[in-house]
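what shape does this take:
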Amino acid sequence: AWSVERFLRTGQLRILEYSGMYPVAQIVWAALFAKLVGFSFATLRFSTVCLSVIGCWTWYLTLRELGCDHRTGLLATLVLVFNPVFFAMSFSFMTDAPFVSLSNVAVFYFVSAVRRDRPQRLWVGSVIAVTAFLVRPIGIALPIAALVAVPWRAPWRSILREWIAPLAGAVAAMIALWIVTSRTMGQADWQTTRLENLRWWTSIPLRQYAGWNVRIMCETTFPLAPVLLAALVSRRRRVVAAGVLAAAF
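Modelled structure (predicted):
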């Protein structure tokens, strides 16, 4: 909120020292709303709600692009809408919901580029991915993950020009923006601490990493539990599910 207010007053993009990231895109997005209706915390929260609506809508479109029918797409979208974390964060001015929403938009363009064989859409998805990066730096994973869908059997020149170029350009832009924002917006203490902590990553056993990932998977899929229960309609499936659950325990 301080960053938005300062940007409106002075035109300068700045963050407080204890900020965890450089949410440039979110600051500018909220400033557009504040410019129209006035600065307030309600205005900032409303800007987040608008992004959440866009993110949920593009999530539905992505599922339809992947061949899901109307009911399945709507059900899966409602699972995202009413995910307790996403729902609560949509009414804040934190970076969680905006990042997820912008990521959904980028993924939609990546998916549609592959499904419709229209690689030019990768450029749009890459621009949106860079915008997501300007909310949270983990957005750099978006163009890297999209490399999985590159048709590697196509002619090499075509792959480089139509598929690799937009994704590589997005990664290069993100690296450049990381350097620029860290030097122009001020040093973020939390960001510095995180970078310093990276030197400890080799000191953690792989078994502990595995345990963390299993726990995260359980926590993130917990909101889907009621939907998954619908699949247990036959006795055979219940027996299989019970066996898998026992093995997991």
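
kindly check the end-to-end length of stretch 87-98 for me.
12 Å (C-alpha to C-alpha, to the nearest Å).

report the buried residues of it.
Of the residues in stretch 87-98, M89, S90, F93, M94, T95, D96, A97, P98 count as buried by neighbour count, 16 or more other C-beta atoms under 10 Å. All C-beta spots, glycine's among them, are computed from the backbone N, C-alpha and C.

same question, stretch 130-150
Neighbour-count burial for stretch 130-150, counted by 16+ other C-beta under 10 Å, picks out 130-137, 139-140, 142-143, 146, 150.

farthest pair within the residues you listed?
V135 and V150 (25.4 Å; C-beta to C-beta).

low-confidence stretches in this protein?
Across the chain, residues meeting the criterion (pLDDT under 70) sit at 227, 229-233.

okay, helices next: where are they in it?
Secondary structure of the chain by DSSP state H: the helices cover 2-10, 24-37, 41-65, 70-81, 84-89, 96-115, 121-133, 141-146, 156-158, 165-184, 189-197, 206-221, 225-229, 235-248.

right, and those - which one's nearest E17?
So among the helices of the chain, helix 189-197 is nearest, using C-beta to C-beta, at 5.2 Å.

the closest one vs helix 165-184, what angle?
Put simply, helix 189-197 runs at 110 degrees to helix 165-184, going by axes from the mean of the first three to the mean of the last three C-alpha atoms, to 10 degrees.

from now on call the first residue 402
With 402 as the first residue, the last one maps to helix 590-598.

can you list the neighbours in contact with helix 590-598?
For helix 590-598, contacts defined as C-beta atoms under 8 Å, 6 or more residues apart in numbering pick out E418, Y419, S420, G421, M422, Y423, S583.

A626: which of these is nearest?
G421 (30.2 Å).

tally of neighbours for the nearest residue to that closest one once chain neighbours are set aside?
Nearest non-adjacent residue to G421, counting by C-beta to C-beta, 6 or more residues apart in numbering: W591, 4.0 Å away. W591 has 12 neighbouring residues, counting by other C-beta atoms under 10 Å.
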